[in-house]
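Quick one: sequence and predicted model below, then my questions.
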Amino acid sequence: MGGPGAAMTVRGLLIVCAVAPVVAAAVSAQTPQTLTGAATTVRDRVYSQEQASRGKTTYDTKCASCHDGGTMGPELWGDPFLAEWDNKSVGAFFSRIKTTMPEDAAGSLSENEVLDVIAYVVQTNGFPAGEKGMRSESALATIKFVRNK
């Protein structure tokens, strides 16, 4: 058992033990979409409650005057909204808000304000909150809107 074959086996085992954590870290860093082929959607708890609360404040002060006098208008919630945005990226919605809203000061909202408003819109459409908020415009391209039921 102490011959050259044993040394090769021990060396091979050491290599496997050294490489395994690296492979495991790479796999865990991948998104569920990468591993399963399933897209991330607004059903996957993509915003936090705190973010949606900030979004409501921003919405109330900067959006509500044009969107149904202070309440979410039908263009932003329920089936009309979800029918228009079904299977489209949240990133596209971000771009629309960032470049065209508010109408009287297009482009004046910060990235964080837009992320927060989107979280509020997603919450208002009945999708559950998670632990982490939406963090960047680029990450939103991989998240899709879906109809609630």
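Right, received. Where do you want to start?

Any regions of this structure where pLDDT drops low?
When residues are selected by pLDDT under 70, those of the chain lie in 1-38, 68-75, 148-149.

mind listing the strands in it by residue range?
40-41, 143-144 (DSSP state E).

tell me the domain ranges of the protein?
Here the domain parsing of the chain from automatic domain parsing is 4-30, 40-144.

Out of those, which is the most enclosed?
Of these, the one with the most neighbours on average (mean count of other Cβ atoms under 10 Å) is domain 40-144, at a mean of 17. No exception for glycine: its C-beta is placed from N, CA and C like everyone else's.

Distance across that domain, terminal residue to terminal residue?
This stretch, domain 40-144, spans 6 Å end to end (Cα to Cα, to the nearest Å).

Check stretch 58-77 too.
17 Å.

Quick one: the helices in this protein, in order.
With helices called from DSSP state H, the chain shows them at 4-29, 32-36, 49-62, 78-85, 90-100, 111-124, 137-140.
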